[in-house]
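[1] This is a predicted model, with the sequence first.
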Amino acid sequence: MFEDLELITADSILGLMAAFRADPDTRKVDLGVGVYRDDHGETPVLDSVRTAEGALIAQQATKSYVGPAGNLGFNAEMEKLVFGAAHPVLAGKRVRSVQTPGGCGALRLGADLIRAAAPDTVVHVSSPTWANHVPLISGAGLKLERYPYFDPATGGVQFGNMLAAFEKLPPRAVVLLHAACHNPTGADVSQDEWRALLEVVRRRRLLPFIDMAYQGLGESLEADAFGLRLFCAELPEVVCAVSCSKNFGLYRERVGALHVICESPKAGDAVLSQLVRLGRGMWSMPPDHGAEIVRRILVDGALRGQWEQEVLGMRKRIQGLRHDFVAELAQHCPQRDFSFIARQRGMFSFFGISTAQVQALRAAHHIYMTDDSRINIAGLRKDNLAYVARATAQVLAA
(Lines give C-alpha, C1' and ligand atoms only; values in the text may rest on other atoms or scores of the structure.)
Protein backbone atom coordinates (compact mmCIF):
# COMPACT_ATOMS: atom_id res chain seq x y z
CA MET A 1 0.00 0.00 0.00
CA PHE A 2 2.71 2.50 0.95
CA GLU A 3 5.50 1.53 -1.42
CA ASP A 4 4.70 4.27 -3.95
CA LEU A 5 4.38 7.14 -1.49
CA GLU A 6 6.75 10.01 -2.22
CA LEU A 7 9.17 11.37 0.35
CA ILE A 8 7.90 14.72 1.60
CA THR A 9 10.48 17.47 1.99
CA ALA A 10 10.79 18.39 5.65
CA ASP A 11 9.02 21.53 6.84
CA SER A 12 11.50 24.40 6.55
CA ILE A 13 11.21 25.31 10.23
CA LEU A 14 11.69 21.71 11.35
CA GLY A 15 14.68 21.40 9.06
CA LEU A 16 16.12 24.61 10.50
CA MET A 17 15.65 23.26 14.02
CA ALA A 18 17.52 20.08 13.15
CA ALA A 19 20.38 21.97 11.49
CA PHE A 20 20.75 24.29 14.47
CA ARG A 21 20.84 21.43 16.95
CA ALA A 22 23.49 19.63 14.91
CA ASP A 23 25.71 22.72 14.64
CA PRO A 24 28.57 22.40 17.20
CA ASP A 25 29.68 26.05 16.92
CA THR A 26 29.36 27.86 20.26
CA ARG A 27 28.50 31.16 18.54
CA LYS A 28 25.35 29.82 16.90
CA VAL A 29 22.17 31.89 17.15
CA ASP A 30 18.66 30.55 16.58
CA LEU A 31 16.39 33.24 15.13
CA GLY A 32 14.22 30.75 13.25
CA VAL A 33 12.04 28.74 15.62
CA GLY A 34 9.00 30.70 16.79
CA VAL A 35 9.17 30.22 20.55
CA TYR A 36 9.88 32.77 23.25
CA ARG A 37 13.37 32.58 24.76
CA ASP A 38 14.84 34.32 27.81
CA ASP A 39 18.29 35.89 28.25
CA HIS A 40 19.76 32.40 28.70
CA GLY A 41 18.33 31.18 25.40
CA GLU A 42 15.81 28.95 27.17
CA THR A 43 12.03 28.74 26.80
CA PRO A 44 11.12 28.96 30.49
CA VAL A 45 8.26 27.48 32.45
CA LEU A 46 6.48 30.49 33.93
CA ASP A 47 6.42 30.60 37.73
CA SER A 48 2.63 31.02 37.66
CA VAL A 49 2.36 27.92 35.48
CA ARG A 50 4.67 25.94 37.75
CA THR A 51 2.59 26.83 40.82
CA ALA A 52 -0.74 26.06 39.15
CA GLU A 53 0.55 22.80 37.72
CA GLY A 54 1.92 21.69 41.10
CA ALA A 55 -1.45 22.27 42.75
CA LEU A 56 -3.22 20.48 39.90
CA ILE A 57 -1.05 17.40 40.21
CA ALA A 58 -1.49 17.34 43.99
CA GLN A 59 -5.27 17.73 43.88
CA GLN A 60 -6.41 15.97 40.72
CA ALA A 61 -8.46 12.88 41.51
CA THR A 62 -9.20 11.54 38.02
CA LYS A 63 -7.89 11.39 34.48
CA SER A 64 -11.30 10.77 32.95
CA TYR A 65 -12.45 12.66 29.86
CA VAL A 66 -13.69 16.22 30.34
CA GLY A 67 -16.07 16.14 27.36
CA PRO A 68 -15.93 17.00 23.66
CA ALA A 69 -16.15 20.78 24.27
CA GLY A 70 -13.22 20.52 26.65
CA ASN A 71 -12.73 22.12 30.04
CA LEU A 72 -15.81 24.31 30.42
CA GLY A 73 -14.22 26.41 33.15
CA PHE A 74 -11.27 27.08 30.84
CA ASN A 75 -13.64 28.05 28.03
CA ALA A 76 -15.46 30.52 30.27
CA GLU A 77 -12.27 32.11 31.59
CA MET A 78 -10.79 32.37 28.10
CA GLU A 79 -13.92 34.18 26.94
CA LYS A 80 -13.35 36.81 29.63
CA LEU A 81 -9.64 37.08 28.82
CA VAL A 82 -10.17 37.34 25.08
CA PHE A 83 -13.27 39.58 24.96
CA GLY A 84 -13.16 41.31 28.33
CA ALA A 85 -15.58 40.44 31.12
CA ALA A 86 -18.04 43.22 30.18
CA HIS A 87 -18.12 42.58 26.44
CA PRO A 88 -21.64 42.68 24.92
CA VAL A 89 -21.31 39.26 23.23
CA LEU A 90 -20.99 37.68 26.68
CA ALA A 91 -23.98 39.58 28.06
CA GLY A 92 -25.97 38.67 24.95
CA LYS A 93 -24.95 34.99 25.17
CA ARG A 94 -23.80 35.14 21.55
CA VAL A 95 -20.42 33.41 21.91
CA ARG A 96 -19.86 29.65 21.77
CA SER A 97 -16.49 28.22 22.74
CA VAL A 98 -14.68 24.91 22.36
CA GLN A 99 -11.29 23.98 23.78
CA THR A 100 -8.89 22.83 21.05
CA PRO A 101 -5.44 21.25 20.79
CA GLY A 102 -3.55 24.51 20.45
CA GLY A 103 -4.20 27.43 18.15
CA CYS A 104 -3.67 25.08 15.22
CA GLY A 105 -6.61 22.97 16.35
CA ALA A 106 -8.72 26.13 16.66
CA LEU A 107 -7.83 27.25 13.14
CA ARG A 108 -8.60 23.86 11.66
CA LEU A 109 -11.88 23.53 13.57
CA GLY A 110 -12.90 27.01 12.45
CA ALA A 111 -12.10 26.13 8.84
CA ASP A 112 -14.12 22.93 9.11
CA LEU A 113 -17.07 24.87 10.54
CA ILE A 114 -16.94 27.33 7.63
CA ARG A 115 -16.79 24.48 5.14
CA ALA A 116 -19.76 22.77 6.78
CA ALA A 117 -21.77 25.98 6.40
CA ALA A 118 -20.58 26.96 2.91
CA PRO A 119 -18.28 24.47 1.12
CA ASP A 120 -17.39 26.89 -1.71
CA THR A 121 -16.09 29.60 0.62
CA VAL A 122 -12.78 31.27 -0.25
CA VAL A 123 -10.56 32.33 2.66
CA HIS A 124 -8.42 35.39 1.99
CA VAL A 125 -5.12 35.51 3.92
CA SER A 126 -2.52 38.25 4.19
CA SER A 127 0.54 38.30 1.96
CA PRO A 128 2.55 37.00 3.68
CA THR A 129 0.89 35.03 6.47
CA TRP A 130 1.96 32.38 8.96
CA ALA A 131 3.07 29.41 6.86
CA ASN A 132 0.85 26.92 8.69
CA HIS A 133 -2.32 28.88 7.91
CA VAL A 134 -2.19 27.44 4.40
CA PRO A 135 -2.19 23.68 5.17
CA LEU A 136 -4.54 24.07 8.13
CA ILE A 137 -7.21 25.88 6.12
CA SER A 138 -6.74 24.20 2.75
CA GLY A 139 -6.65 20.85 4.55
CA ALA A 140 -10.28 21.49 5.49
CA GLY A 141 -11.10 21.72 1.79
CA LEU A 142 -11.34 25.50 1.51
CA LYS A 143 -9.72 27.58 -1.22
CA LEU A 144 -7.27 30.33 -0.31
CA GLU A 145 -6.43 33.62 -1.95
CA ARG A 146 -4.10 36.42 -0.87
CA TYR A 147 -4.69 40.07 -0.07
CA PRO A 148 -1.87 42.67 0.01
CA TYR A 149 -0.52 43.36 3.48
CA PHE A 150 3.20 43.85 4.11
CA ASP A 151 5.18 46.70 2.59
CA PRO A 152 8.89 45.74 2.39
CA ALA A 153 9.85 49.34 1.64
CA THR A 154 8.62 50.62 4.99
CA GLY A 155 8.42 47.49 7.15
CA GLY A 156 4.78 48.38 7.76
CA VAL A 157 1.34 47.61 6.35
CA GLN A 158 0.27 48.72 2.87
CA PHE A 159 -3.11 49.52 4.35
CA GLY A 160 -4.56 51.35 1.36
CA ASN A 161 -4.02 48.35 -0.89
CA MET A 162 -5.39 46.03 1.79
CA LEU A 163 -8.55 48.12 2.15
CA ALA A 164 -9.01 48.32 -1.62
CA ALA A 165 -8.71 44.54 -1.90
CA PHE A 166 -11.41 44.06 0.76
CA GLU A 167 -13.68 46.44 -1.15
CA LYS A 168 -13.62 44.06 -4.11
CA LEU A 169 -14.46 40.87 -2.21
CA PRO A 170 -17.88 39.26 -2.68
CA PRO A 171 -20.34 38.97 0.22
CA ARG A 172 -19.67 36.05 2.61
CA ALA A 173 -15.99 35.85 1.67
CA VAL A 174 -13.80 35.06 4.69
CA VAL A 175 -10.87 37.32 5.63
CA LEU A 176 -8.26 35.85 7.96
CA LEU A 177 -6.84 38.60 10.18
CA HIS A 178 -4.03 38.58 12.75
CA ALA A 179 -5.26 40.20 15.98
CA ALA A 180 -1.80 41.53 16.89
CA CYS A 181 1.90 40.73 16.50
CA HIS A 182 1.52 39.71 12.87
CA ASN A 183 3.42 36.52 12.05
CA PRO A 184 5.76 36.62 10.14
CA THR A 185 6.20 40.39 9.71
CA GLY A 186 5.57 42.06 13.09
CA ALA A 187 3.65 44.79 11.22
CA ASP A 188 0.21 45.48 12.74
CA VAL A 189 -2.71 47.66 11.71
CA SER A 190 -3.47 50.58 14.03
CA GLN A 191 -6.68 51.07 16.00
CA ASP A 192 -7.89 53.64 13.46
CA GLU A 193 -7.16 51.14 10.69
CA TRP A 194 -9.13 48.46 12.54
CA ARG A 195 -12.08 50.89 12.56
CA ALA A 196 -11.71 51.50 8.84
CA LEU A 197 -11.56 47.75 8.20
CA LEU A 198 -14.71 47.26 10.25
CA GLU A 199 -16.68 49.59 7.99
CA VAL A 200 -15.60 47.73 4.85
CA VAL A 201 -16.16 44.29 6.38
CA ARG A 202 -19.64 45.30 7.56
CA ARG A 203 -20.63 46.93 4.26
CA ARG A 204 -19.28 44.08 2.12
CA ARG A 205 -20.79 41.46 4.51
CA LEU A 206 -17.49 39.63 4.96
CA LEU A 207 -16.82 37.06 7.66
CA PRO A 208 -13.74 37.82 9.79
CA PHE A 209 -11.66 34.84 10.97
CA ILE A 210 -9.32 36.32 13.57
CA ASP A 211 -6.20 34.52 14.77
CA MET A 212 -4.96 35.70 18.17
CA ALA A 213 -1.82 33.80 19.13
CA TYR A 214 0.13 36.53 20.97
CA GLN A 215 -2.24 38.40 23.27
CA GLY A 216 -0.12 40.42 25.69
CA LEU A 217 3.16 40.29 23.77
CA GLY A 218 2.50 43.36 21.57
CA GLU A 219 1.25 46.36 23.56
CA SER A 220 -0.82 44.87 26.39
CA LEU A 221 -3.41 42.19 27.07
CA GLU A 222 -6.13 44.76 26.40
CA ALA A 223 -4.65 46.61 23.42
CA ASP A 224 -3.70 43.43 21.57
CA ALA A 225 -7.35 42.37 21.62
CA PHE A 226 -8.68 45.75 20.41
CA GLY A 227 -9.51 44.77 16.84
CA LEU A 228 -11.00 41.42 17.81
CA ARG A 229 -13.18 43.00 20.50
CA LEU A 230 -14.28 45.79 18.16
CA PHE A 231 -15.31 43.39 15.40
CA CYS A 232 -17.12 41.07 17.80
CA ALA A 233 -19.07 43.95 19.33
CA GLU A 234 -20.16 45.37 15.97
CA LEU A 235 -20.64 42.38 13.66
CA PRO A 236 -23.20 39.54 13.71
CA GLU A 237 -20.64 36.76 13.12
CA VAL A 238 -16.92 36.44 13.83
CA VAL A 239 -14.70 33.36 14.19
CA CYS A 240 -11.79 33.66 16.65
CA ALA A 241 -8.92 31.19 17.05
CA VAL A 242 -6.84 31.66 20.20
CA SER A 243 -3.61 30.08 21.42
CA CYS A 244 -2.12 29.89 24.92
CA SER A 245 1.28 28.70 23.69
CA LYS A 246 3.08 32.04 23.80
CA ASN A 247 1.55 34.08 26.59
CA PHE A 248 1.36 31.12 28.98
CA GLY A 249 4.47 29.36 27.64
CA LEU A 250 2.45 26.15 27.22
CA TYR A 251 3.79 25.18 23.80
CA ARG A 252 3.96 21.42 24.29
CA GLU A 253 0.67 21.23 26.20
CA ARG A 254 -1.28 22.34 23.08
CA VAL A 255 -3.80 24.69 24.67
CA GLY A 256 -6.16 26.69 22.50
CA ALA A 257 -9.78 27.70 22.02
CA LEU A 258 -12.17 28.48 19.21
CA HIS A 259 -14.71 31.21 19.96
CA VAL A 260 -17.54 31.76 17.48
CA ILE A 261 -19.68 34.89 17.68
CA CYS A 262 -23.20 34.21 16.40
CA GLU A 263 -26.13 36.46 15.50
CA SER A 264 -28.35 35.00 18.23
CA PRO A 265 -28.19 32.50 21.11
CA LYS A 266 -30.26 30.08 19.02
CA ALA A 267 -27.75 30.23 16.16
CA GLY A 268 -25.02 29.81 18.75
CA ASP A 269 -26.51 26.55 20.00
CA ALA A 270 -26.53 25.17 16.46
CA VAL A 271 -22.92 26.26 15.95
CA LEU A 272 -21.82 24.60 19.18
CA SER A 273 -23.47 21.34 18.16
CA GLN A 274 -21.56 21.46 14.87
CA LEU A 275 -18.26 22.25 16.61
CA VAL A 276 -18.67 19.32 18.98
CA ARG A 277 -19.45 17.00 16.06
CA LEU A 278 -16.45 18.20 14.04
CA GLY A 279 -14.07 18.05 16.97
CA ARG A 280 -15.28 14.57 17.85
CA GLY A 281 -14.31 13.42 14.38
CA MET A 282 -10.74 14.81 14.65
CA TRP A 283 -9.50 14.48 18.22
CA SER A 284 -12.57 13.15 20.07
CA MET A 285 -11.73 14.85 23.40
CA PRO A 286 -9.23 17.70 23.83
CA PRO A 287 -6.37 17.36 26.37
CA ASP A 288 -7.19 18.87 29.75
CA HIS A 289 -3.86 19.29 31.55
CA GLY A 290 -2.76 22.60 30.05
CA ALA A 291 -6.29 23.98 29.93
CA GLU A 292 -6.77 23.35 33.64
CA ILE A 293 -3.47 25.11 34.36
CA VAL A 294 -4.72 28.17 32.46
CA ARG A 295 -8.09 28.06 34.23
CA ARG A 296 -6.44 27.94 37.65
CA ILE A 297 -4.24 30.91 36.83
CA LEU A 298 -7.11 33.02 35.54
CA VAL A 299 -9.44 32.39 38.51
CA ASP A 300 -6.81 32.87 41.25
CA GLY A 301 -6.16 36.55 41.95
CA ALA A 302 -2.58 36.09 43.12
CA LEU A 303 -1.65 33.69 40.33
CA ARG A 304 -3.28 35.89 37.72
CA GLY A 305 -1.38 38.92 38.96
CA GLN A 306 1.85 36.95 38.85
CA TRP A 307 1.11 35.74 35.31
CA GLU A 308 0.29 39.25 34.10
CA GLN A 309 3.64 40.46 35.45
CA GLU A 310 5.40 37.59 33.66
CA VAL A 311 3.67 38.49 30.39
CA LEU A 312 4.70 42.11 30.97
CA GLY A 313 8.29 40.95 31.48
CA MET A 314 8.29 38.99 28.23
CA ARG A 315 6.79 41.93 26.36
CA LYS A 316 9.29 44.43 27.77
CA ARG A 317 12.18 42.12 26.94
CA ILE A 318 11.05 41.80 23.31
CA GLN A 319 10.50 45.56 23.00
CA GLY A 320 13.90 46.25 24.51
CA LEU A 321 15.60 43.81 22.16
CA ARG A 322 13.98 45.49 19.17
CA HIS A 323 15.38 48.90 20.12
CA ASP A 324 18.80 47.55 21.12
CA PHE A 325 19.09 45.53 17.92
CA VAL A 326 18.25 48.56 15.80
CA ALA A 327 20.94 50.54 17.64
CA GLU A 328 23.55 47.82 16.98
CA LEU A 329 22.55 47.56 13.33
CA ALA A 330 22.76 51.35 12.94
CA GLN A 331 26.30 51.24 14.30
CA HIS A 332 27.54 48.34 12.17
CA CYS A 333 25.35 48.78 9.06
CA PRO A 334 24.92 52.57 8.71
CA GLN A 335 24.21 52.20 5.00
CA ARG A 336 20.95 50.30 5.69
CA ASP A 337 17.89 51.51 7.60
CA PHE A 338 16.58 48.84 9.98
CA SER A 339 14.56 51.26 12.14
CA PHE A 340 11.31 49.52 11.16
CA ILE A 341 12.23 46.68 13.53
CA ALA A 342 11.73 48.98 16.51
CA ARG A 343 8.28 50.04 15.24
CA GLN A 344 6.99 46.50 14.85
CA ARG A 345 5.45 44.39 17.61
CA GLY A 346 5.61 40.86 18.90
CA MET A 347 8.20 38.19 18.35
CA PHE A 348 8.76 38.42 14.60
CA SER A 349 10.17 40.70 11.93
CA PHE A 350 11.12 40.38 8.31
CA PHE A 351 14.83 41.25 8.28
CA GLY A 352 14.60 42.27 4.64
CA ILE A 353 17.70 40.52 3.30
CA SER A 354 17.95 38.12 0.37
CA THR A 355 17.80 34.33 0.56
CA ALA A 356 21.47 34.22 -0.47
CA GLN A 357 22.37 36.55 2.41
CA VAL A 358 20.30 34.46 4.83
CA GLN A 359 22.21 31.37 3.75
CA ALA A 360 25.54 33.21 4.04
CA LEU A 361 24.70 34.16 7.64
CA ARG A 362 23.97 30.52 8.34
CA ALA A 363 27.04 29.09 6.62
CA ALA A 364 29.66 31.61 7.72
CA HIS A 365 28.30 32.91 11.03
CA HIS A 366 26.00 30.13 12.33
CA ILE A 367 23.02 32.49 12.51
CA TYR A 368 19.80 30.66 11.65
CA MET A 369 16.63 32.21 10.23
CA THR A 370 14.11 31.14 7.61
CA ASP A 371 15.03 31.70 3.97
CA ASP A 372 12.53 34.55 3.66
CA SER A 373 14.50 36.35 6.42
CA ARG A 374 11.86 36.12 9.12
CA ILE A 375 13.60 36.50 12.48
CA ASN A 376 12.40 35.66 15.97
CA ILE A 377 13.39 38.72 18.00
CA ALA A 378 13.13 36.68 21.22
CA GLY A 379 16.00 34.50 19.94
CA LEU A 380 18.35 37.45 20.42
CA ARG A 381 20.19 38.06 23.68
CA LYS A 382 22.16 40.99 25.03
CA ASP A 383 25.36 39.00 24.60
CA ASN A 384 24.80 38.20 20.90
CA LEU A 385 23.25 41.43 19.56
CA ALA A 386 26.59 42.89 18.49
CA TYR A 387 27.69 39.58 16.97
CA VAL A 388 24.55 39.33 14.83
CA ALA A 389 24.86 42.98 13.76
CA ARG A 390 28.56 42.58 12.81
CA ALA A 391 27.80 39.38 10.88
CA THR A 392 24.96 41.14 9.08
CA ALA A 393 27.32 43.98 8.09
CA GLN A 394 29.80 41.49 6.65
CA VAL A 395 27.13 39.70 4.64
CA LEU A 396 25.67 42.93 3.30
CA ALA A 397 29.14 44.14 2.25
CA ALA A 398 30.01 40.91 0.43
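    Yep, that arrived.

[2] wait, what's in contact with the closest residue to Thr154 other than its chain neighbours?
    Excluding the flanking residues, the one nearest Thr154 by C-beta to C-beta, 6 or more residues apart in numbering is Phe340, at 6.5 Å. Using the backbone N, CA and C atoms, a C-beta is placed for each residue, glycine as well. Residues touching Phe340, when contacts are defined by C-beta atoms under 8 Å, 6 or more residues apart in numbering, comprise 154-156, 349.

[3] In strands only, show me those.
    Within the contacts of Phe340, residues falling in strands by DSSP state E are 156, 349.

[4] Please pick the buried ones from the contacts of Phe340.
    Using 16 or more other C-beta atoms under 10 Å as the burial test, the contacts of Phe340 include 155-156, 349 as buried.

[5] following the helix ranked longest in the chain, which helix or strand comes up?
    Secondary structure of the chain read by DSSP state H shows that its longest helix is helix 301-332. Stepping forward along the backbone from helix 301-332, the first helix or strand reached (DSSP states H and E) is helix 340-343.

[6] Can you tell me which of the contacts of Phe340 is nearest Asp112?
    Within the contacts of Phe340, distances to Asp112 taken as C-beta to C-beta reach their minimum at Ser349, with 32.1 Å.

[7] tell me the pLDDT at the closest one?
    Looking at Ser349, its pLDDT reads 96.

[8] same check, this time on the one 4 residues further on
    At Ile353 the predicted local confidence, pLDDT, stands at 93.

[9] got any ranges where the protein has weak pLDDT?
    Across the chain, residues meeting the criterion (pLDDT under 70) sit at 10.

[10] So it: which segments form each domain?
    Annotated domains of the chain cover 12-45+308-397, 65-299 [automatic domain parsing].

[11] Kindly compare burial across those domains and name the winner.
    Between these, the one whose residues have the most neighbours on average, counting mean count of other C-beta atoms under 10 Å, is domain 65-299 (a mean of 19).

[12] Between the two ends of it, how far is it?
    Domain 65-299 has an end-to-end distance of 22 Å (criterion: C-alpha to C-alpha, to the nearest Å).

[13] Assign a three-state SS to Ala241, would you?
    For Ala241, the secondary-structure state derived from DSSP: H, G, I helix; E, B strand; the rest coil is strand.

[14] how close does it sit to Val271?
    As judged by C-beta to C-beta, to the nearest Å, Ala241 and Val271 stand 14 Å apart.

[15] Next: Val294.
    Taking C-beta to C-beta as the criterion, Val294 is separated from Val271 by 23 Å.

[16] One more: Ala356?
    Taking C-beta to C-beta as the criterion, Ala356 is separated from Val271 by 48 Å.

[17] Make CSV from the contacts of Phe340 and add distance to Leu16 to it.
    Rendered in CSV, the data for the contacts of Phe340 read as follows (distance: C-beta to C-beta, whole Å):
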residue, distance to Leu16
Thr154, 27
Gly155, 23
Gly156, 26
Ser349, 16
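
[18] Just flag the most distant two among the contacts of Phe340.
    Farthest apart among the contacts of Phe340 - using C-beta to C-beta - are Thr154 and Ser349, which lie 12.7 Å from each other.

[19] Skipping adjacent residues, who's closest to Asn75 in space?
    Asn75 sits nearest to Ser97 (C-beta to C-beta, 6+ apart), 4.1 Å away.

[20] helix or strand for the one you found, which one?
    Under DSSP H and E, the secondary-structure element containing Ser97 is strand 95-101.

[21] for the contacts of Phe340, which one is nearest Gly141?
    Nearest to Gly141, judged by C-beta to C-beta, of these is Ser349 at 33.2 Å.

[22] who's in contact with the closest one?
    155, 185-186, 322, 340-341, 374-375, 377.

[23] Is it bridged to anything, and to what?
    Beta-bridge partners for Ser349, by DSSP bridges, are Ile375.

[24] so how far is Leu31 from it?
    Taking C-beta to C-beta as the measure, Ser349 falls 10 Å from Leu31.

[25] Next: Leu7.
    The separation that Leu7 has from Leu31, given C-beta to C-beta, amounts to 28 Å.

[26] And Thr370, by the same measure?
    With C-beta to C-beta as the criterion, Thr370 and Leu31 are 9 Å apart.

[27] And for His178?
    Taking C-beta to C-beta as the criterion, His178 is separated from Leu31 by 20 Å.

[28] any idea how far Gly379 is from the closest residue to Val29 other than its chain neighbours?
    Closest residue in space to Val29, ignoring its immediate chain neighbours: Ile367 at 4.7 Å, by C-beta to C-beta, 6+ apart. Distance check for Ile367 against Gly379: by C-beta to C-beta, it reads 10 Å.

[29] Now do the shared contacts for these two.
    Between them, Ile367 and Gly379 share the contacting residues 29, 31, judged by C-beta under 8 Å, 6+ apart.

[30] Now the nearest residue to Ala116 once chain neighbours are set aside: which helix or strand?
    Residue nearest to Ala116 in three dimensions, not counting chain neighbours: Gln274, with 5.8 Å by C-beta to C-beta, 6+ apart. Of the helices and strands defined by DSSP H and E, Gln274 is found in helix 265-282.
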